[in-house]
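Visitor: Fold the stuff below for me.
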Amino acid sequence: MKILGIDGSPHGPGKTAKVVGHVLEGAASQGAAVDLITCGAPDAVNRIAEADAVVFGSPTYRASHSSALRVLLEKIDRDGAKAPLLATPAAVVMTGGSVAHFLGTEDLAGVLRGFFGTQVLAPSLFFHPLHFDSEGNTVPDAIEQCRTHGAALWELTAAVRNSTALKSLKPLV
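Guide: This next block holds a predicted model:
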């Protein structure tokens with residue numbers, strides 16, 4: 001099973017990449033092959049199509065995901081046989097400078113669930129400054145939460161793989 005992590009930060013690896021990496025550690029502990037790329041990677045859409053599940057990570061800007069991640073999502077087809085996210089399990093992980101921005105995860109989860117027809121793991125994860133130490137490292141409780149989420153994503157992916165009904169669900173548009 002392949003689980004891909006996407007770092008949607010427009011400024012390079014930072015806190016978002018760290019927490020997505022911890023989610024991938026949890027999936028790897030269950031036996032998944034994992035990889036982390038930036039949303040600007042030239043082969044990002046192809047890598048998403050090859051993945052069994054995807055962790056979408058983004059910093060929060062104006063209570064929503066980054067424009068860099070939005071650009072990547074706009075490149076992904078959702079019609080017919082070219083719909084690489086249809087029925088794909090996904091997790092949402094976001095970082096932000098204020099606790100008040102936690103609802104930004106719902107915006108991204110809604111796009112993934114409603115527009116692309118993914119099976120989004122709930123609840124989404126949101127990390128704010130108290131989840132990081134003074135050097136920008138993730139605190140132990142947050143790391144454990146990420147790893148648990150990664151293990152749960154692995155289990156959701158296995159469930160979707162083994163279910164005809166879950167794989168057949170499509171957005172009603």
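
Visitor: C-alpha from now on. contacts and neighbour counts both.
Guide: OK.

Visitor: Please state the offset of the worst-scoring helix or strand of the chain on mean pLDDT from the chain centre?
Guide: For the chain, counting by mean pLDDT, DSSP states H and E, helix 164-168 ranks last in confidence among helices and strands (a mean of 89). Centroid displacement of helix 164-168 relative to its chain, using C-alpha atoms, centre = their mean, to the nearest Å, is 21 Å.

Visitor: buried stuff in it?
Guide: By 16 or more other C-alpha atoms under 10 Å, the buried positions in helix 164-168 come out as residue 167.

Visitor: just checking, what packs against that helix?
Guide: helix 140-161 (3 or more C-alpha pairs under 8 Å, 6 or more residues apart in numbering; DSSP states H and E).

Visitor: Keeping just the C-alphas, turn the helix it packs on into PDB.
Guide: Listed in PDB are the C-alpha atoms of helix 140-161, where the atom choice follows Å, rounded to 0.1, in the frame of the first residue of the first chain:
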ATOM      1  CA  PRO A 140       5.400  14.600  21.700                       C
ATOM      2  CA  ASP A 141       1.600  14.600  22.200                       C
ATOM      3  CA  ALA A 142       1.100  16.100  18.700                       C
ATOM      4  CA  ILE A 143       3.500  13.500  17.200                       C
ATOM      5  CA  GLU A 144       1.500  10.700  18.800                       C
ATOM      6  CA  GLN A 145      -1.700  12.200  17.500                       C
ATOM      7  CA  CYS A 146      -0.200  12.300  14.000                       C
ATOM      8  CA  ARG A 147       1.000   8.700  14.100                       C
ATOM      9  CA  THR A 148      -2.400   7.500  15.300                       C
ATOM     10  CA  HIS A 149      -4.000   9.400  12.400                       C
ATOM     11  CA  GLY A 150      -1.500   7.700  10.000                       C
ATOM     12  CA  ALA A 151      -2.400   4.200  11.400                       C
ATOM     13  CA  ALA A 152      -6.100   5.100  11.000                       C
ATOM     14  CA  LEU A 153      -5.500   6.200   7.400                       C
ATOM     15  CA  TRP A 154      -3.900   2.900   6.700                       C
ATOM     16  CA  GLU A 155      -6.900   1.100   8.200                       C
ATOM     17  CA  LEU A 156      -9.300   3.200   6.200                       C
ATOM     18  CA  THR A 157      -7.400   2.500   3.000                       C
ATOM     19  CA  ALA A 158      -7.500  -1.200   3.700                       C
ATOM     20  CA  ALA A 159     -11.300  -0.900   4.300                       C
ATOM     21  CA  VAL A 160     -11.900   1.000   1.100                       C
ATOM     22  CA  ARG A 161      -9.700  -1.500  -0.900                       C
END
